[in-house]
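J.: From the sequence below, what's the structure:
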Amino acid sequence: MEFNLEGILAIGLSLSIPIVAILMVFISSMKKKKHETDLRLALIQAGTDADTAKILIEDQERKDNKYGTLRTGSFFAGAGLGAVCNALCGVSADDIYFWMTIVGGVGVGLLIAFTIEYKLSRKEQKQKEETL
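T.: Numbering: from 1, shown residues only. Just a heads-up that it's a prediction; the model follows:
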């Protein structure tokens, strides 16, 4: 029985990539949480109210990013649209036009997401002004 060392190494490395990625995300999130806790404690020791310190430290991007799913869906829909165009036109993956079509589809998808997000945010702003 003969072992192919290159094949075993390739399989091992390809299986280690997701494991390392998961570990890095976990370590990064733990470091971020520890940093936020240390910063919150420093604010409280400086005389800031605990609730105010929590609001100051809270991740603003997570609160403001309510259209993230729309952007992601539009991104993948655009990429899929580009792939469908490639399949209909018979463009192979070796050709540069294959990737240009997919990138163009992604761009169109993101432009559509931006337009929808802009209209929804203007509508929300109008509703806020009407209630005031």
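
J.: what element comes up after the lowest-mean-pLDDT helix or strand in the chain heading to the C-terminus?
T.: Within the chain, no helix or strand scores below helix 60-64, which has a mean of 57 by mean pLDDT, DSSP states H and E. The helix or strand immediately downstream of helix 60-64 is helix 68-89, counting by DSSP states H and E.

J.: Just the buried positions in that following helix, please.
T.: 71, 74-75, 77-79, 81-83, 85-86 (16 or more other CB atoms under 10 Å). The C-beta positions use only the backbone N, C-alpha and C, and glycine is treated the same way.

J.: what about it, average pLDDT?
T.: Mean pLDDT, computed over helix 68-89, is 92.

J.: any residues touching it, and which ones?
T.: Identification of contacts with helix 68-89 by CB atoms under 8 Å, 6 or more residues apart in numbering yields 97-98, 101-110, 112-113, 116-117.

J.: Please apply the same query to stretch 3-21.
T.: In contact with stretch 3-21 (CB under 8 Å, 6+ apart) are no residues whatsoever.

J.: Using PDB, list the CA coordinates for it.
T.: Provided in PDB are the C-alpha atoms of stretch 3-21 (Å, rounded to 0.1, in the frame of the first residue of the first chain):
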ATOM      1  CA  PHE A   3       0.700   6.700   0.400                       C
ATOM      2  CA  ASN A   4       0.500   9.800  -1.600                       C
ATOM      3  CA  LEU A   5       2.000  12.400   0.800                       C
ATOM      4  CA  GLU A   6       1.000  15.300  -1.400                       C
ATOM      5  CA  GLY A   7      -2.600  14.200  -1.400                       C
ATOM      6  CA  ILE A   8      -2.700  13.700   2.300                       C
ATOM      7  CA  LEU A   9      -1.100  17.000   2.900                       C
ATOM      8  CA  ALA A  10      -3.500  18.800   0.600                       C
ATOM      9  CA  ILE A  11      -6.500  17.200   2.300                       C
ATOM     10  CA  GLY A  12      -5.200  18.000   5.800                       C
ATOM     11  CA  LEU A  13      -4.500  21.700   4.900                       C
ATOM     12  CA  SER A  14      -7.800  22.100   3.200                       C
ATOM     13  CA  LEU A  15      -9.600  20.800   6.200                       C
ATOM     14  CA  SER A  16      -7.600  23.000   8.600                       C
ATOM     15  CA  ILE A  17      -8.600  26.200   6.800                       C
ATOM     16  CA  PRO A  18     -12.200  26.400   8.200                       C
ATOM     17  CA  ILE A  19     -11.000  25.200  11.700                       C
ATOM     18  CA  VAL A  20      -8.400  28.000  11.800                       C
ATOM     19  CA  ALA A  21     -10.900  30.600  10.500                       C
END
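
J.: Lovely, talk soon.
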